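J.: Next comes the sequence, and after it the predicted model I'd like to discuss.
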Amino acid sequence: MNTTLYTRRSFLDTSIRLGVSSATVYAFSALSSCTSKQKQEEKSEEKVATNQAERKLGIALVGLGKYASEQLAPALQETQQCYLAGIVTGTPDKADKWKKKYNIPEKNVYNYQTFDQIKDNPDIDIVYVVLPNALHKEYVVRAAQAGKHVICEKPMAITVDECDAMIDACRKTGKLLSIGYRLHFDPYNLEMMKLGKEKTFGKIKLVIAEDGMKDVDGWRLDKTLAGGGALVDVGIYCVQGVCYTTGLEPVAVTAKEGPKKDKKKFASIEESLTWEMEMPDGTVAHCKSSYSEELNKLRAEAENGWFQLEPAYEYKGLKGETSSGKMDFPKVNQQARQMDDFALAVKGNRPSPVPGEMGRRDVKILQAIYESMHTGKKVELKWT
């Protein structure tokens, strides 16, 4: 027996040949389209209901750039405590693609003008701000005022004053604020913290931290949006690495800008930067960030040995070694672990291990490094 497979296109073609009126064909086409959209919406609502039944918290991503698209959204397909519930974008085409790909209901899709309406949406528990640095403060404050817990990508903001406003907004509304420091949930970097804290190889004398990448483009080259160059984008990993490996905060920094190989491209920001951090116990850190060189290293030299990661800050494929042998840890999705931990913090009403205060500390250090770079003088940091 011959079986004929009818597609929507073949149905329309056959109908026209048989003399069915265009109005009838159009009516079917419109009905088919509406039915399809209705089924998609029902599927999306079913997904929301399932996740809520499992007590997963809903996350809305604000800004659908490369990091959100290639890292956060895929990670949210692996999370156990939270799920991708909504999106905020200024690009309608992106909204349509994301709705279909991740079964996001239309009511959970916002643009930057309608963002504040998110306060009325019980599906959204957490807002993750993944916008250019200069926009972090505005959307963290607006999210907190909408009654949502917030994760903000690094660096937290452009200035310490902005950080204070963000922390204050979340405190006033009783919402948690966390920074997207994924490496605090990576087993290799956690081992660096442990080895430093327990002084496994004795007191640390020197830390070497370097991070750099090539082929940078877009808003990262615009100081108004980025707040700086390689330092605020990748150098912040070095600042973090030094602090969590030593368990200390720097008391002084000295910095020097590197030569600009492409003066037009890096007209408003530094292309590279080297700096030194002095810790209160005498430990010294030599650091470097670059937009024209591939760098990825965190090394601690102690009294009785050494330990390091290279690469240290990538999303995956990290490698670690000590003077006693190689590190070997299971592969993990850093972003999934990070977001799951924040969801557990919200559920358990406990602090995040990477709170807004930590983000503020790092912005304070970054600003001191820039001050030293511009003045050529050592800049001291006071912590109260």
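T.: Looks like it arrived, so ask away.

J.: drop to CA atoms for contacts and neighbour counts, all remaining ones
T.: Fine.

J.: Can you list the residue ranges for strands in the stretch 1-150 of the chain?
T.: Under the criterion DSSP state E, counting those that start in this stretch, strands of the stretch 1-150 of the chain are mapped to 57-62, 82-88, 109-110, 126-129, 149-152.

J.: Can you lay out the ones you listed as a markdown table showing distance to residue 294 and mean neighbour count?
T.: A markdown table is the format used below for the strands of the stretch 1-150 of the chain (distance: least, C-alpha to C-alpha, whole Å; neighbours: other C-alpha atoms under 10 Å):
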| stretch | distance to residue 294 | mean neighbour count |
| --- | --- | --- |
| strand 57-62 | 29 | 24 |
| strand 82-88 | 33 | 27 |
| strand 109-110 | 37 | 22 |
| strand 126-129 | 27 | 29 |
| strand 149-152 | 26 | 27 |
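
J.: As CSV, those with distance to residue 269 and mean pLDDT would be great.
T.: Formatted as CSV, the strands of the stretch 1-150 of the chain follow (distance: least, C-alpha to C-alpha, whole Å; pLDDT from 0 to 100):
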stretch, distance to residue 269, mean pLDDT
strand 57-62, 25, 98
strand 82-88, 29, 98
strand 109-110, 32, 98
strand 126-129, 23, 99
strand 149-152, 23, 99
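
J.: Which one of those strands lies nearest to residue 329?
T.: strand 82-88 (24.6 Å; C-alpha to C-alpha).

J.: Work out the sheet partners of that closest one and label each with its direction, please.
T.: strand 57-62 (parallel), strand 109-110 (parallel) (DSSP bridges).

J.: give me the low-pLDDT residue ranges for this protein?
T.: 1-34, 36-37, 39, 52-53 (pLDDT under 70).

J.: tell me the domain boundaries of this structure?
T.: As given by automatic domain parsing, the domain ranges for the chain are 8-41, 55-179, 183-380.

J.: now the ones you listed as CSV including distance to residue 49?
T.: CSV is the format used below for those (distance: least, C-alpha to C-alpha, whole Å):
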stretch, distance to residue 49
domain 8-41, 12
domain 55-179, 9
domain 183-380, 18
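
J.: Among the ones you listed, which comes closest to residue 48?
T.: Closest among the domains of the chain, using C-alpha to C-alpha: domain 55-179, at 7.1 Å.

J.: Check the separation of the first and last residues in the closest one.
T.: 23 Å (C-alpha to C-alpha, to the nearest Å).

J.: again, but for stretch 226-243
T.: From its first residue to its last, stretch 226-243 covers 23 Å (C-alpha to C-alpha).

J.: From the chain's centre, how far out is it? Work that out for me.
T.: With C-alpha atoms, centre = their mean, to the nearest Å as the basis, stretch 226-243 stands 14 Å off its chain's centre.

J.: what does stretch 107-118 give?
T.: On C-alpha atoms, centre = their mean, the centre of stretch 107-118 falls 20 Å from the chain's centre.

J.: hmm, who's touching it?
T.: Contacts to stretch 107-118, defined as C-alpha atoms under 8 Å, 6 or more residues apart in numbering, come from residues 85-91, 95, 121, 123-124, 142-143, 146.

J.: at 10 Å what do you get?
T.: 41, 44-45, 60-63, 85-92, 95-96, 98-99, 121-125, 127, 139, 142-143, 145-148 (C-alpha atoms under 10 Å, 6 or more residues apart in numbering).
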